[in-house]
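**Student:** Okay, structure incoming, though there's no sequence with it:
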């Protein structure tokens, strides 16, 4: 089992920044690829970003590319999502997800490739 706890969400004005953190505990974190998803009100949960266990492979959704950056610190068992130039359409609950394998699969945008999920943290961007 892997337990994931997100933090860092909040209310921010458009154009502002936030950094989300996801602290992991339980089974070996450093061998897990990690991802971020989000779910806006009335919408399906969608992929945001993913990072391999070594950090050498990262992918970001087109909607956040150039504004959001995923990173990780295996010594701290933590993955981050730095969010800059936030827009009102970024408003959502953001979820951290862990995959029980180190690599990022070709189907990395699919929820089923992730085995553990956090409870989510709310991000609200005002216009």
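**Tutor:** Right, received. Where do you want to start? Owing to the predicted nature of the structure, the values given are computational and were not obtained by experimental measurement.

**Student:** Give me the contact list for stretch 35-49.
**Tutor:** Identification of contacts with stretch 35-49 by C-beta atoms under 8 Å, 6 or more residues apart in numbering yields 20, 22, 50-51, 58-61, 64, 68-70, 79, 81, 89-99, 108-111, 114, 120, 123. Any C-beta I mention is one placed from the backbone N, CA and C, and that applies to glycine too.

**Student:** Give me the buried entries from those residues.
**Tutor:** 20, 22, 50-51, 59-61, 64, 68-70, 79, 81, 90-99, 108, 114, 120, 123 (16 or more other C-beta atoms under 10 Å).

**Student:** So which of those residues are in strands?
**Tutor:** If you go by DSSP state E, those have 20, 22, 50-51, 59-60, 68-70, 79, 81, 92-99, 123 in strands.

**Student:** Identify the residue nearest the residue nearest the centre of the chain in space, chain neighbours excluded?
**Tutor:** For the chain, the residue nearest the mean C-alpha position is residue 36 (2.1 Å; C-alpha atoms, centre = their mean). Leaving out its chain neighbours, the residue that sits closest to residue 36 by C-beta to C-beta, 6 or more residues apart in numbering is residue 48, at 4.2 Å.

**Student:** Report whether that neighbour is found in a strand, as I expect.
**Tutor:** Yes - according to DSSP: H, G, I helix; E, B strand; the rest coil, residue 48 belongs to a strand.

**Student:** Just the element for the closest residue to residue 50 other than its chain neighbours, please.
**Tutor:** Here the nearest residue to residue 50 in space, its sequence neighbours aside, is residue 35; by C-beta to C-beta, 6+ apart that works out to 4.1 Å. For residue 35, the host element (DSSP states H and E) is strand 33-39.

**Student:** No further queries at this time; thank you.
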